[in-house]
Every structure is written in structure tokens, then in C-alpha cells.
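**Q** Compute the structure for the input listed below.
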Amino acid sequence: MRFVSFFAGDGVHLGVETESGVVADLTAAGGDGVPRSARELVSGGGDALARVRARLAAGAPTLPLDGLELAPCVPEPPKIICVGLNYRRHAEESGIPVPEHPVYFPKYRNGLAGHGGKVAIPAATSQVDYEVELVAVMGGPVRNVTAARALDHVFGYATGNDLSARELQMRSSQWTYGKALDGFAPLGPYLVTADEVPDPQDLDLRTWVNGELRQKSSTRDMVFSVAELVADLSRVMTLEPGDLIYTGTPEGVVLGMEEKVWLKAGDQVVCEVGGLGRLETTLVDENG
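**A** The predicted model follows:
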């Protein structure tokens, strides 16, 4: 199933794309136990999905997808955990050895932006870069899970863009200052349930900037698989329903190019991961 979150007059609604291509508004439809938000959806697991199917069978108000203003598909994650240098060829283009252990850094809710959104480039940076990423959305909660069982606890997947301010990222050994900027974690358009992604290690990734293909790779090039990342993180923290894991980006970013032409106001970035949908972001100047 493919879920979206979208803005309505009374807040953010949860919707599900139907077979006819329209969006059923689950928040407006209501019903006993029907999830009304992405948080309720991922927390409810299989039971919540069964209630969604029953609600659809009984009928629900629908809206055209292209008429909606989309929010991030998971608007209120408890945690946003990102993984750096998790593709072999990306580590090579960055001039950094392939890591022996996963490299983690955080983003926060201020970074989230929806499909079709505009993201402002702050005056503090002139070196903005794109990073297409497969994002794992946790079910759970889960602690100390093995890699063999880790994917059982992933509710679904989404397309993400780990936008980065490179000169701010590189000013110290800690990357957060160049990663956790407002709007620098676009996510969506869909939250796709895990049953529609039989193998997260066999997904194509693409990024276009103003129509020019910049990144073209596959999750097969990951250093650490989604299952390994979930298992590793669960050794030290409880992964909660709705936690987001941005699993890294492949080669083709501006940072790895000999001639570096950074993103600027007016640029449109389109990211795509497998069949999870195309995530479009437009860069604008912070001062309008």
C-alpha cells in the first residue's frame, strides 16, 4: 500500500492511494481503529493495515493526488538517523576509505519537507548538494534484533534527499551543522509498505538536477544493508514506530565532481528510489 500525508484545513491528514489512482482520506473517513495519521499507522502495524483495507472496502472520501499539498510522508518521526559513506563508490569519490562500521549522524524534524516543496538556501552556505537515499521507516518498537530478523520490524520505505551544506559539514569532524538545516531532509511522496519492497538491496536510485541525470546506482552498492543498519542501531537504542533511517547515497554528488557547480536558487532536484515515487524539491533563496 502507498500512503501519503497531506495538508488540509484542520491539519495534516493521512491518505492511501487507491487502485484507481485517487487518494482516500482516512482522517476524514474515520471509523473504529482506522489510523488517522502516519504515527497511528506505523504504530498499529498489521492490524492498522487491515482496518485501512476494511475502510476502503466500505467506502471513503477521495481526492485527486495532484490537487493535494503533500506533507512529508512521515511528518512526526521520533528519530531521524542518517548514514554516511554507505555506498562504496560514493566513499571512493569522496576520497575517504570505505568505513569498517556505519557512520551515523542525526537530522531533526525541522529538516523535513514534502514532495513538491520549496527549500530555502540559507545565507550561511553556498555549497548545497543533493543525496538521493532509500529511507527505512520503522515499525516496532525493537531492541537487540538480529540482522536476520531486522526487516520484519521495518514498516515501509520512502524516497529521501539528504541535502547537505558541504562547507558547513566539513568545518569539523561532526557533520550535524551542515546536515540539520531547515528543510534539508525532503521525504516522500509515498510511504510504501514493506510487502511491496521484497528486497531493499535491489532498488535503483536516480537523481536529476534541472532534468540532467546526476546519480544512477543501486542499493546493491551499499556497504551496510538495511537489515545490518537496523540490527546495529538496535544494539544501543530502542527503535520506535516511525523512526526514519536515511541509509546513505551513491556516487554522483557535486562534492565528488572535478568541477563543482553547487545547487542554487531556482534549481529543481528530483530523486527516485525503485518504485517508491519521485521526490521533487525546488531550491529558493532564503530572502525570497
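
**Q** Only C-alpha atoms from now on, for both contacts and neighbour counts.
**A** Fine.

**Q** Which helix runs longest in the chain?
**A** helix 38-58 (DSSP state H).

**Q** Could you check how far it is from the centre of its chain?
**A** Its chain's C-alpha centre and that of helix 38-58 lie 21 Å apart, by C-alpha atoms, centre = their mean, to the nearest Å.

**Q** Where does pLDDT dip in the protein?
**A** 288 (pLDDT under 70).

**Q** Grab the most central residue of it for me.
**A** residue 160 (3.2 Å; C-alpha atoms, centre = their mean).

**Q** mind listing the helices for the stretch 151-288 of the chain?
**A** With DSSP state H, counting those that start in this stretch as the criterion, the stretch 151-288 of the chain has helices at 166-169, 226-234.

**Q** Can you give the distance from the first one to the centre of its chain?
**A** Taking the mean of its C-alpha atoms, helix 166-169 sits 21 Å from the chain's own mean (C-alpha atoms, centre = their mean).

**Q** Go through stretch 160-180 and flag the buried ones.
**A** 160-166, 168-169, 175-180 (16 or more other C-alpha atoms under 10 Å).

**Q** Give the burial count for the closest residue to residue 218 other than its chain neighbours, as a bare number.
**A** Using C-alpha to C-alpha, 6 or more residues apart in numbering and skipping the chain neighbours, the partner closest in space to residue 218 is residue 204 (4.3 Å). For residue 204, the neighbour count with other C-alpha atoms under 10 Å is 16.

**Q** which ones are touching residue 204?
**A** Applying C-alpha atoms under 8 Å, 6 or more residues apart in numbering to residue 204 gives the contacts 216-219, 272-274.

**Q** do residue 134 as well
**A** Residue 134 sits next to 157-160, 246-248, 273 when contact means C-alpha under 8 Å, 6+ apart.

**Q** run the last query once more with 10 Å
**A** 157-161, 187, 200-201, 203-205, 219, 226, 245-249, 271-274, 276 (C-alpha atoms under 10 Å, 6 or more residues apart in numbering).

**Q** Ramachandran coordinates for it?
**A** phi -80, psi 130 (degrees, to the nearest 10).

**Q** Quick check: the gap between it and residue 2.
**A** 15 Å (C-alpha to C-alpha, to the nearest Å).

**Q** Next: residue 267.
**A** 28 Å.

**Q** Which one of these two is surrounded by more residues?
**A** Comparing residue 267 with residue 2 by neighbour count (other C-alpha under 10 Å), the higher total belongs to residue 2, at 20 against 15.

**Q** Skipping adjacent residues, who's closest to the more buried one in space?
**A** Once flanking residues are discounted, residue 2 sits nearest to residue 192: 4.6 Å by C-alpha to C-alpha, 6+ apart.

**Q** Residue 203 reaches residue 250, doesn't it?
**A** No: counting by C-alpha atoms under 10 Å, residue 203 stays clear of residue 250, with 11.9 Å between them.

**Q** one step back: please look at the residue nearest to the centre of the chain and residue 137 and confirm they touch.
**A** No: using C-alpha under 10 Å, residue 160 is not in contact with residue 137; the gap is 11.1 Å.

**Q** got any residues that touch both of those two?
**A** Between them, residue 160 and residue 137 share the contacting residues 244-246, judged by C-alpha under 10 Å, 6+ apart.

**Q** OK, contacts around residue 210?
**A** Going by C-alpha under 10 Å, 6+ apart, residue 210 touches 266-270, 282.

**Q** now those: which count as buried?
**A** Among these, those classed as buried by 16+ other C-alpha under 10 Å are 268-270, 282.

**Q** Thanks a lot, see you next time.
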